[in-house]
Every structure is written in structure tokens, then in C-alpha cells.
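In: Return a 3D structure for these sequence lines:
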Amino acid sequence: MKTLLIKTIMSTAPGYYITYEYARRLLRLFRRNLLPKSYNPLRYMMIAEIAQRVDAIKQSPAAHAEGRALARVLAQGNASRFFISLPTAMRLIHNS
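Out: Presented below is the predicted three-dimensional model:
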């Protein structure tokens, strides 16, 4: 079961499972290097990926402002992985 959960959380995810408001707040902190050093590493990886995708949209021929680019990234989904830890995944399975 553990191996299956690891494969699952490491596979692509349909979305980022984060609200627009929270993602915008984290993105602002990320861009200013204000996320605490003790910040959750998986959440940090997620916001870094979102920032990279937002930047790509802002540089595209159909460039958007930051907020619109973020909304587009969240709507498109296709996250590189599920940004949850193995213990969290195990807890979700056992509590359902």
C-alpha cells in the first residue's frame, strides 16, 4: 500500500488544490523571499512551480497580468505531482 501511495502522490495531479486567494498571497511572499525557512517544503515546491508557470504565461504572446496569469494556471491545473506528504496521504486513505 505504501508503494502505491508514493506512486500516486508523485504522479501528475489534475490541479493544485489551492484557492486563488491563498495562492496569490503565497506567490507574493515567494516573490519577495518572505516565506519562512521552516515553511513546508512541499508547499514551497508547489508555489515555485506555480510561479514558474505564471511567469511563462506573462512572457507569452498573449501576456496577462500576474493575477490573470495565476487564475489561468490554477484553472488549467495539470500540476506536476500531488503536493502532499506520504503521512498525509496515508491519513486521508485511513479516514475515508
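In: do you know how far residue 90 is from residue 56?
Out: 34 Å (C-beta to C-beta, to the nearest Å). (Glycine included, C-beta is placed from N, CA and C.)
In: Contacts for stretch 65-75, please.
Out: Contact with stretch 65-75 is made by 15-16, 18, 20, 23-24, 27, 50, 53-55, 57-58, 64, as judged by C-beta atoms under 8 Å, 6 or more residues apart in numbering.
In: Quick check: mean pLDDT of that stretch?
Out: The predicted model gives stretch 65-75 an average pLDDT of 96.
In: Same question for stretch 12-21.
Out: On average, the pLDDT along stretch 12-21 is 97.
In: Report the distance from it to the chain centre.
Out: Mean-position distance between stretch 12-21 and its chain equals 6 Å (C-alpha atoms, centre = their mean, to the nearest Å).
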